[in-house]
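**Student:** from the sequence below, what's the structure:
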Amino acid sequence: MKRKFLRHMCMFALLILLGMGCVSYQPVSAQENAADVEEGVDVLAYGPIHEAFAETVSFDPEAGIVVSKAPPEAINEIPPEEKPEGDVEWIPGYWAWDDDRSDFIWVSGIWRAVPPDMQWIPGYWVRSGEGFQWISGYWAPEKENETVYLPEPPESVEAGPNIIAPSEDYTWIPGCWIWHYGQYAWRPGYWAPMRTDWIWVPAHYVWTPRGYIFVGGYWDYTVEYRGVLFAPVFFGIGFNLVHGYYFTPSFVIDLRVFSDCLFWRPSYNHYYFGDYYDARHYRRGIFPWFSPHARRHGYDPIYAHQRWKHRKDPNWEKNLHSTFQERRIYKEARPPRALYEPGKPHQKPMVSKPSEYTLKEPFIPVKKSRESISKYKPLSKNERMKIQQRGKQVRSLSDERLKQESSGLPPSATSSGKSEAERVNLPKSPISSKPERQRSTRTAPPVRYSEPQTNPTVEPLQRRSYGVSGSSSKTETRSTTQPKSRSGSQPGGQTTTKTSPSGRYSAPQKPAVQQPQSRVSGVGKSDTGTKSEGRGQRR
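**Tutor:** Down below sits the predicted model:
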């Protein structure tokens, strides 16, 4: 009897185990005890920074880079089990192109404090006539329920201030072309007071296959208050992205990269972090964030704020240049491109003549610890499920944007010589700021700047392309034919390139209110050895 009872119990247990194999579990549960780094997944200590974390501003935006290899399907991504305290949202990652690997890497999702009154419009890859092209994401006003596509703006005539700053607490906000009654009119730059905990992102344009989108100026948080950046990863050849796979990032980018090893790539509308000190990266158009050459292409809000923050330190920018030159010459001084193995003792960099030159210990841009973030709170399973659902909505918005921007042609001039803007309804983004009544006092932004009126005496100039000379293997901005679809592939993985003049067109100009004549630094001090560059004409 006892033996029969034990036999029945064993059969019952076996049936339970077999039944468990048929139960459908949510991906969240399966990931809770996952290893920090899965086999075949390389955590990178360099790469592009998520567009939603730091948006770049180009004076003359052009079409995104084109690569000949099709991006993989977007992977399912869920955040870690904890989130930083405060009003932060999870924004999913996306595929980005890595020149050195000639392959795609995954830019991990981020925790982001959404800029007040803004919503995130994600970017996407699209099939073009010459390969696959990246269309940048951008922050749009939350209250706007339609997208306005405009004709190509004239070439920017911004060249810096022509009057001294009211005080060292002010910085120069660049001018911009404004769509005004069917044509463009120049709105000159102006001096504006800086804020300690806020960064002003000036008005600019975003290129799309259907036309240019105007993004008005807005307040954003300083880098330390924006949230958490996770390191990009590369899925190796042996790694199989099977259907139903979920990825959870675990390594954090140290936000000190924004003052130590930050770079800017105007042709890709991305910031980069890590080791991009080799000369080949400069030839590809990846410039140090403090480089005067980079500032010719656009305005760096992070640099402008950091320069204002260190306005009383006369050696601040000099030290940035010295550090860059040291790392350019001595590879041992550069940040590592791969993570150090756990438990492996750190080896100090060695040089050929240590007696003549002593290097600092290299900065490690990626870490596992979260010591720089004050407080975290756990995420419930329900919260993680909601985040997954919002992630799907973000993908749907990206697909909807792809569909709309691929179906129409850019605005063209009418018989009267004027162009018409095209308005298209776009679904509201699931990533948007909280209503004003729900914000804390600290998250209330300053009052918007009072921007000057447009100047009708500035004559528009025809746009020209300005890239960085290099061989055909280098990634450059390139205009393409009308996109077809996201699917399909072409052999190889090299990028297409366009060679264009390194300098900008110069034209004589006369003095005008707020119009630049000679370059003055962003804090009211003259830049020695720097000459102004005429970039506009008067009627």
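**Student:** pLDDT below threshold where in the stretch 401-539 of the chain?
**Tutor:** Across the stretch 401-539 of the chain, the ranges flagged by pLDDT under 70 are 412-418, 436-443, 464-539.
**Student:** E383: what secondary structure?
**Tutor:** Using DSSP: H, G, I helix; E, B strand; the rest coil, the structure places E383 in helix.
**Student:** quick one, phi/psi of E420?
**Tutor:** Torsion angles at E420 (phi, psi; degrees, to the nearest 10) stand at phi -110, psi 130.
**Student:** tell me the contacts of the nearest residue to it once chain neighbours are set aside?
**Tutor:** Once flanking residues are discounted, E420 sits nearest to P411: 5.8 Å by C-beta to C-beta, 6 or more residues apart in numbering. Where you see a C-beta, it was placed from the backbone N, CA and C, and this is true even at glycine. By C-beta atoms under 8 Å, 6 or more residues apart in numbering, the contact set of P411 is 149-151, 211, 419-422.
**Student:** any idea how far V107 is from F363?
**Tutor:** Separation of F363 from V107 (C-beta to C-beta, to the nearest Å): 21 Å.
**Student:** please apply the same query to L339.
**Tutor:** 17 Å.
**Student:** tell me which of these two has more neighbours.
**Tutor:** Comparing L339 with V107 by other C-beta atoms under 10 Å, the one with more neighbours is V107, at 26 against 18.
**Student:** and the more buried one, backbone torsions?
**Tutor:** According to degrees, to the nearest 10, V107 has phi -80, psi 110.
**Student:** gap between the helix or strand hosting F132 and the chain center?
**Tutor:** Here F132 sits within strand 131-135, counting by DSSP states H and E. Distance of strand 131-135 from the chain centroid (C-alpha atoms, centre = their mean, to the nearest Å) equals 16 Å.
**Student:** what does stretch 377-386 give?
**Tutor:** The answer for stretch 377-386 is 27 Å, by C-alpha atoms, centre = their mean.
**Student:** buried stuff in that stretch?
**Tutor:** 379, 384 (16 or more other C-beta atoms under 10 Å).
**Student:** ok so, going back, which residues are in contact with the strand holding F132?
**Tutor:** 63-71, 96-97, 123-127, 207-209, 268, 401-402, 405, 480, 483, 490, 495-496.
**Student:** surely R423 touches V148?
**Tutor:** Yes: here R423 reaches V148: they are 5.4 Å apart, a contact under C-beta atoms under 8 Å.
**Student:** okay, those two: which has more neighbours?
**Tutor:** V148 (15 against 10).
**Student:** run through the residues that contact that one.
**Tutor:** Here V148 is in contact with 213-214, 421-423 (C-beta under 8 Å, 6+ apart).
**Student:** just the pLDDT for it.
**Tutor:** pLDDT recorded at V148 is 94.
**Student:** pull out the buried positions in stretch 423-437.
**Tutor:** Here stretch 423-437 shows 426, 429-433 as buried, counting by 16+ other C-beta under 10 Å.
**Student:** closest to Y272 among those?
**Tutor:** I431 (23.0 Å; C-beta to C-beta).
**Student:** for that closest one, what are its contacts?
**Tutor:** 52, 89, 91, 112, 114, 119-120, 390, 394 are the contacts of I431 under C-beta under 8 Å, 6+ apart.
**Student:** can I get the residues you listed in JSON lines with distance to S380 and secondary structure?
**Tutor:** Converted to JSON lines, the contacts of I431 look like this (distance: C-beta to C-beta, whole Å; DSSP: H, G, I helix; E, B strand; the rest coil):
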{"residue": "A52", "distance to S380": "24", "secondary structure": "coil"}
{"residue": "E89", "distance to S380": "16", "secondary structure": "strand"}
{"residue": "I91", "distance to S380": "20", "secondary structure": "strand"}
{"residue": "R112", "distance to S380": "20", "secondary structure": "strand"}
{"residue": "V114", "distance to S380": "21", "secondary structure": "coil"}
{"residue": "Q119", "distance to S380": "25", "secondary structure": "strand"}
{"residue": "W120", "distance to S380": "24", "secondary structure": "strand"}
{"residue": "R390", "distance to S380": "15", "secondary structure": "helix"}
{"residue": "V394", "distance to S380": "21", "secondary structure": "helix"}
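**Student:** let me know the closest of the residues you listed to E158.
**Tutor:** Of those, the one sitting nearest to E158 (C-beta to C-beta) turns out to be A52, at 25.4 Å.
**Student:** so how many other residues sit close to Q393?
**Tutor:** Q393: 16 neighbours (other C-beta under 10 Å).
**Student:** number the chain from 333, please
**Tutor:** Sure, I'll start numbering at 333, so the last one becomes Q725.
**Student:** helix, strand or coil for it?
**Tutor:** Using three-state DSSP, the structure places Q725 in helix.
**Student:** worst-scoring helix or strand of the chain, pLDDT-wise?
**Tutor:** helix 359-363 (a mean of 31; mean pLDDT, DSSP states H and E).
**Student:** next secondary structure element downstream of that one?
**Tutor:** Following helix 359-363 in sequence order, the next helix or strand is strand 373-375 (DSSP H and E).
**Student:** the next helix or strand after that next one pairs with which strands?
**Tutor:** Moving toward the C-terminus from strand 373-375, the next helix or strand (DSSP H and E) is strand 379-380. Here strand 379-380 has these sheet partners by DSSP bridges: strand 602-605 (antiparallel).
**Student:** residues near the nearest residue to A406 once chain neighbours are set aside, how many?
**Tutor:** The shortest distance from A406 to any non-neighbouring residue, by C-beta to C-beta, 6+ apart, is to R727 (6.1 Å). Neighbours of R727 under the rule other C-beta under 10 Å: 16.
**Student:** still on that earlier bit, am I right that the residue nearest to E752 sits in a helix?
**Tutor:** No: counting by three-state DSSP, P743 is not part of a helix but coil.
**Student:** how far away is it from S764?
**Tutor:** 27 Å.
**Student:** ok, A384 next?
**Tutor:** 12 Å.
**Student:** over to L734?
**Tutor:** From L734 over to S764 (counting by C-beta to C-beta), the distance is 20 Å.
**Student:** swap in R643?
**Tutor:** Distance from R643 to S764, by C-beta to C-beta: 34 Å.
**Student:** of the contacts of strand 463-467, just the buried ones, ChimeraX syntax please.
**Tutor:** Entered in ChimeraX, the line below selects the buried ones among the contacts of strand 463-467, by 16+ other C-beta under 10 Å:
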select :395,396,397,398,399,400,401,402,403,428,429,455,456,457,458,459,539,540,541,600,733,734,737,812,815,827,828
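**Student:** inside helices: which ones of the contacts of strand 463-467?
**Tutor:** 733-734, 737 (DSSP state H).
**Student:** any chance of those residues in TSV with distance to D374 as columns?
**Tutor:** Below are the ones in helices among the contacts of strand 463-467 laid out as TSV (distance: C-beta to C-beta, whole Å):
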residue	distance to D374
R733	30
L734	29
E737	33
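**Student:** return the member of these nearest to G492.
**Tutor:** E737 (33.8 Å).
**Student:** surely that closest one is in contact with R542?
**Tutor:** Yes: between E737 and R542 there is a contact under C-beta under 8 Å: 4.3 Å.
**Student:** identify the contacts common to those two.
**Tutor:** Common neighbours of E737 and R542 (C-beta under 8 Å, 6+ apart) are Y481.
**Student:** so where's the stretch 583-732 of the chain shaky on pLDDT?
**Tutor:** Residue ranges of the stretch 583-732 of the chain with pLDDT under 70: 672-692, 701-706.
**Student:** can you pull out the helices in it?
**Tutor:** With DSSP state H, counting those that start in this stretch, the ranges of helices along the stretch 583-732 of the chain come out as 589-592, 611-615, 624-629, 633-641, 648-661, 713-739.
**Student:** ok, now how distant is I510 from P564?
**Tutor:** Counting by C-beta to C-beta, the gap from I510 to P564 is 36 Å.
**Student:** who's more crowded, those two?
**Tutor:** Between I510 and P564, counted using other C-beta under 10 Å, P564 has the larger neighbour count: 27 against 17.
**Student:** skipping adjacent residues, who's closest to the more buried one in space?
**Tutor:** Nearest to P564 is G379, by C-beta to C-beta, 6+ apart, at 4.0 Å.
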